[in-house]
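[1] Predicted coordinates and the sequence they were generated for:
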Amino acid sequence: MSESATQVILRAELLGWRHRLLGRGPARLALLGVFLLAAAVFIGGGAFTLGATAGHFLPVARDTILTGGFTSLSVLMLVIGFPTVIATFFVGRELLQLVLAPIRPIDIFVARLLLAMSANLLISAILLMATLGVGVGSGAPLAFFPLAVFLIFVQVLVVTALQAILMSVVLRWVPARLARDVAAAVAGLSGAGFYLAWNISLRQSFSPRTHPDLSNFTSLVNRVEWLPSAWPGHALSAVIAGNTTEAATWVLFSVVLALLVLAMAEILYRRTLLTGLGVFGGPPAIWRRGAAKQAVAVARPGAASPFRAIALKDWLSYRRDIRRLSRMLPAFLFPIGYAFAFLRPSRSITGFWTEVFLVGFISMFMSTALATPSIPSERRGFQLLRMAPMTMAQVIRAKVMLTLPPVLVLTLVFSMVVASVSGSGVAQYAELAVLVLWLGTGFVSIGVSAGAIDPRFDASDDRRAVGIVGTLAGLGGTLGFGLLSVGALALLVFGYAAAQGISQLGPIPATPAVGALMWASGLVLLVGAAAIVIVLLWFANSRLRAWEGAIATV
Amino acid sequence: MAVPASPGSIAIEAQDLVKRYGVVRAVDGVSFQVRRGEIVGFLGANGAGKTTTLRMLCGLLTPTSGRAIIDGFDIFAQPLEAKARLGYLDEEPFVHPHLTGREFLNYIADLYRMPRGPERQQRMERLLGLFELADRNGELIGAYSHGMKQKIGLASLLIREPSVLLLDEPTNGLDPRSARLVKDLLEELAALGTTVLLSTHILEVAQALCKRVAIIDRGHIVATGTIEELRAQAGSEQASLEDLFLKLTAGPESRELIERLLAPKL
């Protein structure tokens, strides 16, 4: 019996995945294995334990927990899994080959749907573990467990099909070359918004009380339990309660809904299949500008500067690259959200230290977002820099100097606003400004170095532009530099107070000698922090000088 | 400091270049010289080692052993001096898709520290006009066709007047008129003293343009010289460059392969 087209497509894709996986080398494979094992044990085990505990000790809240879990999973999949779904359904020139082949569109749809579910299935594993835990904790009948697996699979199917529908609808209004990035930006912004709303809502619940209070969360879940995403949760809680008729009704509703969504997705996908083909697979979306708009720039006489050339090129590329902008916009929501969250400090730390953490967090976050991809984002253009009569140290310096202003300005603005709200004095403003300069310079240098240590110039997306070595170097460097710097600041501030005899240091006496010792220790930590940055910059320079791209890719 | 090559001297020199990827020797002891003002064709089948050799000559790939010398400067020992004199055009030109053609040329000119001013501006306009890109004012390079990217890549080399050009398939994707323009331009440049090492699959282009050719096969140089010298080497005086190339990079005869493919099934 010959294979169906769906089987052929799936087999080719699986073969490709296998080659990509085995092509990583034994060390990377081992690392991946360890990571997956650790994730399974900690995340899976944690979710199971949490579910079992809740199922056992909170019998009244079982329905809320299950419906809330299914709805949260749907939102999470909708946001996080969106890029994979778009890429699988609409990206790639191999789709052209499928369209040209004598294959029914439904075969392409089914094959792509199964492939697109991969990311969502991974995410759903957390809910599966938690749901199984609820079943074990509440002593559910045996039928609960296969039904939970089935309903979670159905949920993943529905969400994936829904994403295909959304993208098909987006393509009706947004030009195909922009649709992917617009959709990703909307998904990213929604995800960041959901996360911040959730985080701030929980902080609001925790802060004034001595024990956790989930009343905001449960009332929210209760308000949305009518949503179709909650139906499988109702079915499972009915099974636990032993109400077979109710369980069968909710299962039927869920399955009928899944069939309807799948049918609609297939029809819409078939209609829009050609709209996105061959366009998404090409270069990143590029804004065209009217020819008449651009006047011929007359270069002002003077010496040419490679530094200025890179700065201008980066600025022009950045504001025209809608894909990079679409990735960056959600990232900018985080510092704003966290600044807002920090405006309500908890009781245990003073306002000044909250501001210190704010400065640290924002500068670290902005550096990771802006500095880390700055060298890999040169893409093939990096070869132009390698061929130009300039050293790699000059390239790194240019990138650091170019990334520094936005990071410093944004961090300064946020921290000064927060400092004003919390009524800081002039001395504390000055301390914050120095801290912003120090941390910003360090984090930006570390970020640029991380990108230079392990650049992926062939990556089409900034999020995948740095390899694992660079990512680890960046994380380690950031952590070390941040801790040493904040530690040094604490020693300097408390040392000054000790020298003045106005500080409470527990059993240690507040004397000028102790103050001087703390200052000396603080300076040692500062030297250590600077050493981390210098070592990373040196390493980045030597790695870039030795870098060689494969001919086929770069 | 080495002195730049004088007319008639050696402008490009590959000295026993080797590039190994694991056990594969992509380039295996390649040596040749190109004199100033000469156009030399660098020919070879797919995967023969042309691009690897060119990328070693321009410093994008570090050779496992051997040296690459441009205008008297070792590209790895004195990279800044050598790179200032060198222009390399990749088969798939290195461009920035989010810049317009004019912005890209300005970027390259700045990278190579060409003084800004009316002279540079005029040169840029002339090049854009020559390659018929002047009216693509607001269009970003990412939206260019392959041929237009090739043209802007060439313009980005010519704006800074390098003394040595390494060109990997420069006429790839160009329409016949633009291809002819490139050929004429290279002849003019060579007459003015620019040295050109030209890698191409189009043997007619090599035969028309190049005084000498070097043929690479499976990482080895199998022949260098003028067409007459290659004919003498191959022992067939009337042979075209295509015949010589096929003979020197011998594989199964194409006719035999076609016959085998189309043979009726038994």
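    Perfect, I can see it now.
[2] only C-alpha atoms for contact and neighbour calcs from this point on.
    Fine.
[3] so where do the helices sit in the stretch 251-400 of chain A?
    Along the stretch 251-400 of chain A, the segments classed as helices by DSSP state H, counting those that start in this stretch run A:306-320, A:322-342, A:351-370, A:382-387, A:392-421.
[4] Repeat that for chain B.
    With DSSP state H as the criterion, chain B has helices at B:50-57, B:79-84, B:101-111, B:118-130, B:146-158, B:176-191, B:203-209, B:227-234, B:241-248, B:254-262.
[5] and the first one, how far out from the chain's middle?
    Relative to the chain's own centre, helix B:50-57 is displaced by 9 Å; criterion: CA atoms, centre = their mean, to the nearest Å.
[6] same deal with the second one?
    For helix B:79-84, the distance from its own C-alpha centre to the chain's C-alpha centre is 18 Å (CA atoms, centre = their mean).
[7] so what secondary structure elements neighbour it?
    Applying 3 or more CA pairs under 8 Å, 6 or more residues apart in numbering or on different chains; DSSP states H and E, one finds that helix B:79-84 makes contact with strand B:73-74.
[8] tell me what the strand it packs on is packed against?
    helix B:79-84.
[9] and A:Ser254, how many neighbours?
    By other CA atoms under 10 Å in any protein chain shown, 22 other residues sit near A:Ser254.
[10] do the same with B:Gly235
    Neighbourhood size, B:Gly235 [other CA under 10 Å]: 11.
[11] where's it relative to B:Gly225, distance?
    Plainly put, B:Gly235 is 14 Å away from B:Gly225 if you go by CA to CA, to the nearest Å.
[12] What number of residues are in the vicinity of residue 59?
    Assuming you mean chain A. 15.
[13] try chain B instead
    Residues lying near B:Gly59 (other CA under 10 Å) number 23.
[14] Next one: the residue nearest to it when sequence neighbours are not counted from B:Thr195, what distance?
    Using CA to CA, 6 or more residues apart in numbering or on different chains and skipping residues adjacent in sequence, the residue nearest B:Gly59 is B:Ile75, 5.9 Å away. To B:Thr195, B:Ile75 is 16 Å away according to CA to CA.
[15] How about A:Leu333?
    Distance, A:Leu333 to B:Thr195, using CA to CA: 54 Å.
[16] In terms of neighbours, single out the busier of the two.
    Neighbours were counted for A:Leu333 and for B:Thr195 using other CA under 10 Å; B:Thr195 has more, 27 against 16.
[17] what sits against B:Gly153?
    B:89, B:93-95 (CA atoms under 8 Å, 6 or more residues apart in numbering or on different chains).
[18] please redo it, this time with the cut-off set to 7 Å
    Neighbour list for B:Gly153: B:89, B:93 [criterion: CA atoms under 7 Å, 6 or more residues apart in numbering or on different chains].
[19] So which residues of chain A form strands?
    For chain A, no strands are identified by DSSP state E.
[20] helices and strands of it: which one bottoms out on pLDDT?
    Least confident helix or strand, chain A: helix A:215-223 with a mean of 62, by mean pLDDT, DSSP states H and E.
[21] Give me the domain ranges for chain A.
    According to automatic domain parsing, chain A comprises the domains A:5-186+A:217-276, A:338-545.
[22] out of those domains, which comes closest to chain B?
    Relative to chain B, the nearest member of the domains of chain A by CA to the nearest CA is domain A:338-545, separated by 4.4 Å.
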